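A.B. asks: I would like the atomic coordinates for the input below:
(chains A and B)
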Number of protein chains: 2
Amino acid sequence: MRDVAVIGIGMNRWGELWEKSHRQIWTEAALEAIDDAGVDHVDAMFVGCMSGGLFMGQEHLGAMLADQLGMGPIPGTRVESACASGGLAFRQAYLSVASGMHDIVLASGLEKMTDVDGGAATYALSTAADQEYECFHGITFPGLYAMMARAHMAKYGTTEEQLAAVAVKNHENGSKNPLAQFPMKVTAEQVMNSVLVADPLRILHCSPITDGAAAGILVPLDMAKKMSDKPLVKVAASAQASDSIALHDREEITWIGSTAKAAEDAYKQAGCTPKEISFCEVHDCFTIAEIMVTEALGFFDRGQGGKAAESGETALGGTIPINPSGGLKSKGHPVGATGVAQIRELVMQLRGECGERQVKDAVRGMSQNMGGTGASTAVHILERV
Amino acid sequence: MRDVAVIGIGMNRWGELWEKSHRQIWTEAALEAIDDAGVDHVDAMFVGCMSGGLFMGQEHLGAMLADQLGMGPIPGTRVESACASGGLAFRQAYLSVASGMHDIVLASGLEKMTDVDGGAATYALSTAADQEYECFHGITFPGLYAMMARAHMAKYGTTEEQLAAVAVKNHENGSKNPLAQFPMKVTAEQVMNSVLVADPLRILHCSPITDGAAAGILVPLDMAKKMSDKPLVKVAASAQASDSIALHDREEITWIGSTAKAAEDAYKQAGCTPKEISFCEVHDCFTIAEIMVTEALGFFDRGQGGKAAESGETALGGTIPINPSGGLKSKGHPVGATGVAQIRELVMQLRGECGERQVKDAVRGMSQNMGGTGASTAVHILERV
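C.D. replies: Numbers count the residues shown, from 1 in each chain, chains lettered A, B, ... in the order given. Reported below is the predicted structural model:
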């Protein structure tokens, strides 16, 4: 397979965007990526979107958005894997370039979540879990992650202070990201006194409901060398794995098996170890998720993720900066777009374009994007060439 | 890219399957394909499904079905392109093998459509059209295709008798398919006296609402030669194209541009002409669709598809047998599964396993699967090796 580079990135300002349609949001991000890449066409496009049907009453997004971009008859393909839809769309785009099928490919993600009421949004999100065996009994995502948090606390002594430290750090980073939905800083005290959603998770442990899109342009590395005068960023690894969709089917619920498997494959592809990763964007849909994911990625031993967050190891100046963008927590979480926005942050960091939130000496970035409670994970490693 | 063969196929008996869950339907098809291929594992899987959210309240189907199959942690990816979801899922599976990323890959499609009422099903299907510019004004799919039919009749003199001939022929073929949802034969008189849905389309011009799944196993051709004692079938072409999602944006609505473009690419890849295709499975969601598609694929001149159907050219013994399986019309149309079921028919015909509906001397089969009113199309050509 051919080496692949990401030569363009785009993202709109995320938030509650009632004044914009899903077409408009997506087009802003896609055109920015095309402009950033300096290309005048693409050969194919992929879009990650979790639930076009339930959130927007619009499926068939691949063809619709290719049309909207004025680039038909190019193939437009929608990929879905709940909150990992963006990561998988990027992976399919990568595969289509690496294989030699296409040369210039647009990878994108989109979700317009705030045009339905809160109950409908909660129901739509619950379709990422097992409807027949989990949701039927009334549980929704804060409840599922609350069970995982309680189990992690019971097994490893993880504390509410450690959970809060993740939120404080991500909002600190997000305050330096001009496109973040909630760029305000928060204190541990504010987190721990915020409204309880599902014990022990409070509102400031949860990622928000967001409208947003993100996009990237992929080309063969050899072509990129001739096209772009920006620092070159190549895809060093693209891995994907799955796990049981229902929590009750897992051997233990304090471990994200799909992330561990995808990371193992990714390290092998890139020929590196966790210690050689400069920074990582992870899927902090809830604060406990970030803690568990940093363990599954091999940055910390099992059960040590909470302590690491509390001690500052995952802060911008720490040993392994986690979520310099602000993460899902502060940047927002339009579910289908999240995985592609992580790639955007990787490219910006590796190009040295992140200003106040720039990770020093960033040469190799990792992204981890997962669906549901971790039934699917996409892990990518990008390197400065 | 590597040559790819399809060495296993599976499909359940389609129909209104209230007694079975979506897991069960899909697993029947997937296990049959795995058994037919004689493999004990797969390296990755793809599933085409149009609207898991609106029809079943279940998204995240890639991971869920990998889990259901007991084959986690393999990557499981859902692909969506309305009624072309299955065709695109097969194409992504093909790409993942052709690229060298995976060796043994399961391509599948699923839709469970009858667990919601008729109004909800009609709404779910309408998300394949342009919600903001078409459906908002009240139109649904029979209405969209009725407009296309009226335009085709006005421009080319296509008649109601010719439309009826498509239904008669597909039910005749379907009567020889033991897995068809509606295997009864119909007469032209019955079609023309059936209930009017959207003038000129009557109920017997429309494909039904169906629960069903289909699956196939893809491996590199070199591997297939060592593994299988069945006649070998290779993928000679895999093409995909898009067009405007809304009818009003097209230059003319009597022509399926995405199908013409995908077919052009497919003929080029396979190095053949329409005359060298032994038979073709096309997307006859409505009888007028089959007529327009046979023109766009180059089997007949523009405007001549209706006459060709009426004169028997597309019947089993005709110059180019169309829909030997019975097509969507008689076999059923579980939208996400349809494109994969077409591939199954191609493989069965090329292996000579079709009994009463066998096309004589079948050496090269084509499938055409489209979304909405043709905003997306996947075209595949399979050949006996």
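A.B. asks: what residues of the one helix or strand A:A29 maps to count as buried?
C.D. replies: Secondary structure assignment for A:A29, by DSSP states H and E: helix A:22-37. Across helix A:22-37, burial judged by 16 or more other CB atoms under 10 Å in any protein chain shown covers A:22-23, A:25-30, A:32-34, A:36-37. Placement of C-beta: from N, CA and C, glycine included.
A.B. asks: that helix - contacts with which helices or strands?
C.D. replies: Applying 3 or more CB pairs under 8 Å, 6 or more residues apart in numbering or on different chains; DSSP states H and E, we find helix A:22-37 packed against strand A:4-11, helix A:61-68, strand A:105-112, strand A:211-220.
A.B. asks: for the helix or strand just after it, which outside residues touch it?
C.D. replies: Following helix A:22-37 in sequence order, the next helix or strand is strand A:44-48 (DSSP H and E). Residues from elsewhere that reach strand A:44-48, judged by CB atoms under 8 Å, 6 or more residues apart in numbering or on different chains: A:26, A:30, A:61-62, A:65-66, A:69, A:71, A:74-81, A:85-90, A:92-93, A:96, A:101-102, A:105-110, A:336-337, A:339-340.
A.B. asks: now do 6 Å
C.D. replies: The set of residues external to strand A:44-48 that reach it, using CB atoms under 6 Å, 6 or more residues apart in numbering or on different chains, is A:61-62, A:65-66, A:74-79, A:85-86, A:89, A:92-93, A:96, A:102, A:105-110, A:336.
A.B. asks: try stretch A:8-23
C.D. replies: In contact with stretch A:8-23 (CB under 6 Å, 6+ apart) are residues A:25, A:28-29, A:32-33, A:36-37, A:56, A:68, A:112, A:114, A:179, A:181, A:210-217, A:332, A:341, A:344, A:347.
A.B. asks: next: stretch A:350-361.
C.D. replies: Contacts of stretch A:350-361 (CB under 6 Å, 6+ apart): A:173, A:176, A:230-231, A:233, A:278-279, A:321, A:324, A:348-349, A:362, A:365, A:384.
A.B. asks: also stretch A:242-261?
C.D. replies: With contacts defined as CB under 6 Å, 6+ apart, stretch A:242-261 is touched by A:130, A:133-134, A:148, A:151-152, A:155, A:241, A:292-293, A:296, A:368, A:373-377, B:63-64, B:66-67, B:72-73, B:76.
A.B. asks: just the buried ones out of those, please.
C.D. replies: For these, a burial check counting by 16+ other CB under 10 Å picks out A:130, A:134, A:148, A:151-152, A:241, A:292-293, A:296, A:368, A:373-377, B:63-64, B:66-67, B:72-73, B:76.
A.B. asks: how much space between A:A146 and A:A63?
C.D. replies: Distance, A:A146 to A:A63, using CB to CB, to the nearest Å: 39 Å.
A.B. asks: so how far is chain B from the nearest residue to A:E111 once chain neighbours are set aside?
C.D. replies: In space, and not counting its chain neighbours, A:E111 is closest to A:P334: 3.8 Å by CB to CB, 6 or more residues apart in numbering or on different chains. Shown here: A:P334 relative to chain B, a distance of 15 Å by CB to the nearest CB, to the nearest Å.
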